[in-house]
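Q: I'd like to go over a predicted model; first the sequence, then the structure.
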Protein chains: 2
Amino acid sequence: MKTFDKTVRNQVVRVPDRGRYDYETIYHIVDEALFCHVGFVSQGQPFVIPTLHARRDDHVLLHGASTSRLMKHLESGEEVCLSMTLVDGIVLARSVFHHSMNYRSVVLFGRGSPIVGEEKLAAAEAFTEKLLPGRWDDARQPNAQELKATSVVSVPIQSASAKIRTGPPKDDDEDYALPVWAGVLPLEQRLGDPRADPALPEGTDLPAYLQTFLTSRNS
Amino acid sequence: MKTFDKTVRNQVVRVPDRGRYDYETIYHIVDEALFCHVGFVSQGQPFVIPTLHARRDDHVLLHGASTSRLMKHLESGEEVCLSMTLVDGIVLARSVFHHSMNYRSVVLFGRGSPIVGEEKLAAAEAFTEKLLPGRWDDARQPNAQELKATSVVSVPIQSASAKIRTGPPKDDDEDYALPVWAGVLPLEQRLGDPRADPALPEGTDLPAYLQTFLTSRNS
């Protein structure tokens, strides 16, 4: 099992048995997360900005308008921290103290570098296919001007860890006798019924790949 | 309408008409978000950590084990950035370039200070009631030892902004004629059927406040 080294930077200190360092677990969470929060430092001030991401092997790809502060910072190659969090449930213990969440989160560290030329188009495909598999071949692909207006940055993952909580609440022994309902309220993200653009000609069918996506995400 | 001043730090630069600075809009997002991502700087390195939060007036409350790195950092009073993001839909445009998300996000800035004594109990109530209204009066409330093991930090919101995208895709004029399905795939967070702790005596009824919560969250 390929794992990231444990260091001061990525080690899960609090409840260490929730920590995971293997690539497989970490990448599964990166891939399932629809978006990430990017942390960076500018003149000593921390910033955290949400943005879409895609993964290519051991790199996370980020994109945005060439003119954006976030992209300019990412391109500079300064240290960034990426965090993706999936919440799976609200954990109701008998005691307030043991209330918790079930979650799967990752924290990744690295430094970005700009992607240019032909590779930019491949990155655009990765973002599009992550959002909706099959979309790239259906939608109108980016032209030269659009590619120029978009910055793409690749962040090689230098260090990473995952933190995962699953299962029922854990109460103190003496609290199990309390007459308090305890358990987990599962949190589920579902796709609602597609809302066609009002400008779309009436009767335009949903494409097959979109139907497949809806079925697979909501199953 | 009470608003935060626009400064270099909080101003929405990219697509500025998506920016909001009024307290009402920002606090609505803070309150709806189940958790936040906390960004801080330690020895020049940015960190982004997910954690639960609650709001009290113009302060965000954060809590965790007294021994945790995150809480120690928050207590130190260094600058932190808090980000909450609600995703509402996947926006499918006719062109790849105009694909987007519908979302409501906030970015808040401030410096933490520890909450001690009696106020810690009130904070614990705020966290519990945010997770599940009605829970505080039902669950076993924290004892002195548990309160001691928990750090609570209050971050007065010095500066903040929201960024919001809603509605259908916006394509370039010439792309509206393309035979590509366009619209929004709504993303919904729902609560699944409660899973009772296997250690709970059989036949323990769901409390009324929990039923109410399920109904209101899933409506």
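A: Received it, and whenever you're ready, just let me know what you need.
Q: which strand in chain A runs the most residues?
A: Secondary structure assigned by DSSP state E gives strand A:79-92 as the longest strand of chain A.
Q: how far out from the middle of the chain is it?
A: Centre-to-centre, strand A:79-92 and its host chain are 9 Å apart (Cα atoms, centre = their mean, to the nearest Å).
Q: Quick one: mean pLDDT over it.
A: When pLDDT is averaged over strand A:79-92, the result is 98.
Q: strand partners of that strand, parallel vs antiparallel please.
A: Strand A:79-92 has the following strand partners under DSSP bridges: strand A:35-42 (antiparallel), strand A:100-111 (antiparallel), strand A:183-191 (antiparallel).
Q: Could you list the buried residues of the longest one?
A: This means strand A:100-111. A:Ser100, A:Met101, A:Asn102, A:Tyr103, A:Arg104, A:Ser105, A:Val106, A:Val107, A:Leu108, A:Phe109, A:Gly110 (16 or more other Cβ atoms under 10 Å in any protein chain shown). Where C-beta positions appear, they are placed from N, C-alpha and C, glycine not excepted.
Q: Show the contacting residues for the second one.
A: Same thing as A:Met101. Counting by Cβ atoms under 8 Å, 6 or more residues apart in numbering or on different chains, A:Met101 touches A:Val87, A:Asp88, A:Gly89, A:Ile90, A:Val91, A:Arg165, B:Leu34, B:Phe35, B:Leu52.
Q: how close does the residue nearest the centre of chain A sit to chain B?
A: Nearest to the geometric centre of chain A sits A:Ala33, at 3.1 Å (Cα atoms, centre = their mean). To chain B, A:Ala33 is 11 Å away according to Cβ to the nearest Cβ, to the nearest Å.
Q: what are the ranges of the helices in chain A?
A: Secondary structure of chain A (DSSP state H): helices at A:23-32, A:69-75, A:118-131, A:144-149, A:208-217.
Q: Can you tell me which of these is packed in deepest?
A: Of all those, helix A:69-75 carries the top mean neighbour count, a mean of 20, counting by mean count of other Cβ atoms under 10 Å in any protein chain shown.
Q: Contacts made by that helix with the rest, please.
A: A:38, A:40, A:42, A:47, A:49, A:51, A:62-65, A:80, A:112-114, A:151, A:153, A:155, B:13-14.
Q: Tell me how far that helix lies from the chain's centre.
A: With Cα atoms, centre = their mean, you get 19 Å for helix A:69-75.
Q: Can you tell me how far A:Glu78 is from chain B?
A: For A:Glu78, the distance to chain B (Cβ to the nearest Cβ) stands at 9 Å.
Q: Would you enumerate the residues in contact with that residue?
A: Contact analysis of A:Glu78 by Cβ under 8 Å, 6+ apart lists A:Phe40, A:Val41, A:Arg111.
Q: what's the closest of those residues to B:Val184?
A: A:Phe40 (30.0 Å; Cβ to Cβ).
Q: quick one: the closest one and B:Phe47 touch, right?
A: No: if you go by Cβ atoms under 8 Å, A:Phe40 and B:Phe47 don't touch, sitting 10.9 Å apart.
Q: ok, these two, which is more surrounded?
A: A:Phe40 (25 against 22; other Cβ atoms under 10 Å in any protein chain shown).
Q: before we move on, the earlier item: pull out the buried members of the contacts of A:Met101.
A: With neighbours counted by 16+ other Cβ under 10 Å, the contacts of A:Met101 contain buried members at A:Val87, A:Asp88, A:Gly89, A:Ile90, A:Val91, A:Arg165, B:Leu34, B:Leu52.
Q: Which residues are in contact with the second one?
A: By that I understand A:Asp88. Taking Cβ under 8 Å, 6+ apart as the criterion, A:Asp88 is in contact with A:Met101, A:Asn102, A:Tyr103, A:Arg104, A:Thr166, A:Pro186, A:Leu187.
Q: for chain A, which spans come out with low pLDDT?
A: Along chain A, no part satisfies pLDDT under 70.
Q: hang on, the earlier thing: distance to A:Glu202 for the buried ones among the contacts of A:Met101 - can I get that in JSON lines?
A: Formatted as JSON lines, those follow (distance: Cβ to Cβ, whole Å):
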{"residue": "A:Val87", "distance to A:Glu202": "38"}
{"residue": "A:Asp88", "distance to A:Glu202": "40"}
{"residue": "A:Gly89", "distance to A:Glu202": "41"}
{"residue": "A:Ile90", "distance to A:Glu202": "42"}
{"residue": "A:Val91", "distance to A:Glu202": "47"}
{"residue": "A:Arg165", "distance to A:Glu202": "47"}
{"residue": "B:Leu34", "distance to A:Glu202": "38"}
{"residue": "B:Leu52", "distance to A:Glu202": "46"}
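Q: Looking at these, which one is closest to B:Gly192?
A: Nearest member of the buried ones among the contacts of A:Met101 to B:Gly192, counting by Cβ to Cβ, is A:Gly89, at 8.0 Å.
Q: Leaving out chain neighbours, which residue sits closest to the closest one?
A: A:Asn102 (3.9 Å; Cβ to Cβ, 6 or more residues apart in numbering or on different chains).
Q: Now do stretch A:157-177: distance from first to last residue.
A: 47 Å (Cα to Cα, to the nearest Å).
Q: Over to the nearest residue to A:Ala93 once chain neighbours are set aside: give its phi and psi.
A: Closest residue in space to A:Ala93, ignoring its immediate chain neighbours: A:Pro169 at 3.6 Å, by Cβ to Cβ, 6+ apart. In terms of degrees, to the nearest 10, the main-chain angles of A:Pro169 are phi -70, psi 160.
Q: that older thread, relative to helix A:23-32, how tilted is the longest strand of chain A?
A: 90 degrees (axes from the mean of the first three to the mean of the last three Cα atoms, to 10 degrees).
Q: got the CA coordinates for strand A:79-92 in PDB?
A: In PDB, the C-alpha atoms belonging to strand A:79-92 read as follows (Å, rounded to 0.1, in the frame of the first residue of the first chain):
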ATOM      1  CA  GLU A  79       2.800  26.800  -0.600                       C
ATOM      2  CA  VAL A  80      -1.000  26.000  -0.700                       C
ATOM      3  CA  CYS A  81      -3.200  23.700   1.300                       C
ATOM      4  CA  LEU A  82      -6.200  22.000  -0.200                       C
ATOM      5  CA  SER A  83      -9.000  20.600   1.900                       C
ATOM      6  CA  MET A  84     -11.900  18.500   0.700                       C
ATOM      7  CA  THR A  85     -14.600  17.400   3.100                       C
ATOM      8  CA  LEU A  86     -17.500  15.000   2.700                       C
ATOM      9  CA  VAL A  87     -20.100  14.900   5.500                       C
ATOM     10  CA  ASP A  88     -21.900  11.700   5.900                       C
ATOM     11  CA  GLY A  89     -23.900  12.100   9.000                       C
ATOM     12  CA  ILE A  90     -24.700  13.900  12.300                       C
ATOM     13  CA  VAL A  91     -23.700  11.700  15.200                       C
ATOM     14  CA  LEU A  92     -26.100  12.100  18.200                       C
END
